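Visitor: Sequence first, predicted model second:
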Amino acid sequence: MANEQKKVKKLKIAIPKGRVLKDSLGLLRKSGFIRHPDSDYDSRRLIFDYEEDGISLLIVKPWDVPTFVEYGAADAGISGKDVLLEKPKNVYEPLDLKIGRCRIVAAVSRDLIKRNMPGFNNIDRMVITGQSQPGGFSSSPLSVVPVEGGLKNQYLKLYYSKANLRVATKYVRITRDFFNKKGVPNVQIIKLYGNVELAPISGLCDFIVDLVSTGETLRQNDLAEIEDVAVVTSRLIVNRASLKINPGGIASLIDNLKRQVEKNADI
Amino acid sequence: MNRKNTIISSQPPPGTRDFLPLEAKFINMAANTLLDEFSKWGYKRVVTPSIDYLDIFLLSSKANELFKVADIGSGEMLSFRSDFTPQIGRLSSALRNSSILPYKFSYFGPVLRNFDPILGKPREIWQVGAELIGPESPESDAELIIMGIESLKKLNIKDFSVDIGNVEFFRGIVSDIDEPARNKIEEFTLRKDSSGLNAFLKDLSLPEGKKDIIKELPFMFGEKAVIERAWKMTDNERAINALETMERVISYIKSYKLEKYITIDLGEIRGLNYYTGTIFECFIPHVGYEIFGGGRYNNLIGMFGENCAGAGFAVNLDILSKYVDFPDFRNDGFLVFNKTDNKKLEVEIIMFLRKKGLKAESDFMDYDYSDALKYAEEQGIKHIVYIQKTEGKTQFGGAKPEEKYYILLKNIYNNSEKGFGTVAGFKKYLE
């Protein structure tokens, strides 16, 4: 059949620059895909060819990983679920690598809470209680931060407190889907490219939907989390043609990484 | 609107593009090679309208991905063609009373898909395809795959493989699961999102054995061993039928000695609400999109009246034509480029060349020699014919000077040149 006579080809893997780079490489090393000694991945070099490992790494911007993989410029890649949700691409995503974990949350300015819910004077404390358990959230994509039940419902009322909800975010599609699912009417989404926390302070909007890892930035900018929109981890994604043409190579990539992810989880 | 100060964009809308002469030629040549190959298998070309009723295209496309217009007269919704197959289904249905099966049709043209421009996907795709209406056997599925492989070989494409699946295998396995859960499983399987699938199954009340089988679905890809694995997974009748079909398809392909081109993926379930059996897609290494794709759609024609079986596939020419090694396109053309006032001379030469079946064009830009050379090079014109005045002696008494010219024939690829004093000499040389 197709690849019996073909030589094992070099796998091209797109790795995201930045936050998840180290963990991604760690995973590839531990699972035996890279045996080549460490390189300086912060340098300006963008391609790392490891002939003896039969692998070549492309260092690309996180938002570009799915594009490289979709068009077949890379056989596989490591991409955050946030990117995959916001810009759906025609790729396979066989494995949750359980690295780069963070959340996309809906948050609101404390100002608005004070104005709409004057009864809740101890609001700061409550929110901080909710956030003081990093890693305490479950892996289900729509889990909520543990906040006291009654207060939680009050929070949700905030969505309906205005005739026209303005939400600033980097994630237009995710935000639109989220509010559609909740049935919140009249949501006006304002696309920003960064420092989304600034939007409520400056009066651009009252709500934001943004990525948080510890919640510290939100706190410092006088914002309170309402609920999780999605839990984000990095995924292994695979080009469709690569999987079909080199099923053996891709299957062993998935298997080996899967074993390593399970090992990591046991620790 | 004041149009005076606006400059209209020189780029077409996102997802569409202009094909310049060379590319257009490639697309045409690829299309002709394919149509020619299909005709050897009995497929005849049909032409369908560019617009049709919305309902027809909804059979295979999503409503939001169609270019829709309202019919001026009736207000009925029409759409630009997003796919040829439903139109072939429609016309086949209309033929049932007058012609006997099977129908073998081929087609060539663009399809339009109204994708969100943000996605950066092509929205106009040129396709050539074939549809086989009537037969139902696995061997007829196989024949389409074989014809696809043979036509790529005709285009000298070597490194490709055709991935074969059967949606009935998946359907059989999940047939006893309630619909909402089934849809979720479908979503995860389609993306081969095994982590998502496992997390979803954890909370689902299903026997563990069944869960283990479903967990395998994203990984049912590879070589023939996949089918052996699949036999052990199920005793569901639909799934078993799918496996039997798959084995017959493969054995027919084997009898054509083409098995080296195929791979198997029983977890591939694209177009689940449309396809009813065998599906297949052809891939070239490091190209994200399929070169051709198709499958069996036994419920399509029934949508227009009496049902009958059908299967087919479409080739995406824009993607394909990038991987075809076309012959050298430098043509044997002549650029005739006249620096005298004698237009008759120029026309005589051009008519002579065209009559001989050669390509000849005049230079109307009034180029000088070096610009003419540049133009000829860019256009792949092989020869330039340079007609030049030579100094005649001015006669006393104000009479016109005797007309003298000189014809230079230059082959710009090997830089050889030859000069002629008369048209007759030029003609004689080319005879």
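Guide: That came through fine. Please read these numbers as outputs of a predicted model, since none were measured by experiment.

Visitor: and residue B:57, how many residues sit next to it?
Guide: 29 (other Cβ atoms under 10 Å in any protein chain shown). Where C-beta positions appear, they are placed from N, C-alpha and C, glycine not excepted.

Visitor: So it lies in a strand, does it not?
Guide: No - under DSSP: H, G, I helix; E, B strand; the rest coil, residue B:57 falls outside any strand and is assigned helix.

Visitor: By residue count, what's the longest strand in chain A?
Guide: Assignment by DSSP state E gives strand A:223-232 as the longest strand of chain A.

Visitor: in its sheet, what does whatever helix or strand comes next after it sit against?
Guide: Later in the chain than strand A:223-232, the nearest helix or strand by DSSP states H and E is strand A:234-238. Note on strand A:234-238: by DSSP bridges, its sheet partners are strand A:76-80 (antiparallel), strand A:92-96 (antiparallel).

Visitor: Of those strands, which stretch is the most buried?
Guide: strand A:76-80 (a mean of 28; mean count of other Cβ atoms under 10 Å in any protein chain shown).

Visitor: Reformat the strands paired with strand A:234-238 into TSV and put mean pLDDT and distance to residue B:133 next to each item.
Guide: Formatted as TSV, the strands paired with strand A:234-238 follow (pLDDT from 0 to 100; distance: least, Cβ to Cβ, whole Å):
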stretch	mean pLDDT	distance to residue B:133
strand A:76-80	96	40
strand A:92-96	94	33
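
Visitor: and the residue in the stretch 101-250 of chain B positioned nearest to chain A, how many neighbours?
Guide: Closest contact between the stretch 101-250 of chain B and chain A, by Cβ to the nearest Cβ, is at residue B:195 (3.3 Å). Applying other Cβ under 10 Å, we find 21 other residues in the vicinity of residue B:195.

Visitor: My guess is it contacts residue A:235. True?
Guide: Yes - taking contacts as Cβ atoms under 8 Å, residue B:195 lies within contact range of residue A:235: 7.5 Å.

Visitor: which residues do the two both contact?
Guide: A:95-96 (Cβ atoms under 8 Å, 6 or more residues apart in numbering or on different chains).

Visitor: excluding its backbone neighbours, what's nearest the residue nearest the centre of chain B?
Guide: With distances taken as Cα atoms, centre = their mean, residue B:317 lies nearest the centre of chain B, 2.3 Å away. Nearest residue to residue B:317, sequence neighbours excluded (Cβ to Cβ, 6 or more residues apart in numbering or on different chains): residue B:126, at 4.2 Å.

Visitor: That neighbour is in what secondary structure piece?
Guide: With DSSP H and E as the test, residue B:126 turns up in strand B:124-134.

Visitor: what lines up beside that strand in the sheet?
Guide: Strand pairing (DSSP bridges) places strand B:124-134 next to strand B:103-112 (antiparallel), strand B:309-316 (antiparallel).

Visitor: Please identify the deepest-packed of those strands.
Guide: Among the strands paired with strand B:124-134, strand B:309-316 has the highest mean neighbour count (mean count of other Cβ under 10 Å), at a mean of 24.

Visitor: how many neighbours does residue B:280 have?
Guide: Residue B:280 has 26 nearby residues by other Cβ under 10 Å.

Visitor: What of the one 10 residues further on?
Guide: The local packing count at residue B:290 equals 24, with neighbours defined by other Cβ under 10 Å.

Visitor: hang on, it is in a helix, isn't it?
Guide: No - counting by three-state DSSP, one finds residue B:290 to be coil, located in no helix.

Visitor: That one reaches residue B:316, doesn't it?
Guide: Yes - contact criterion Cβ under 8 Å: residue B:290 and residue B:316 qualify, at 7.0 Å.
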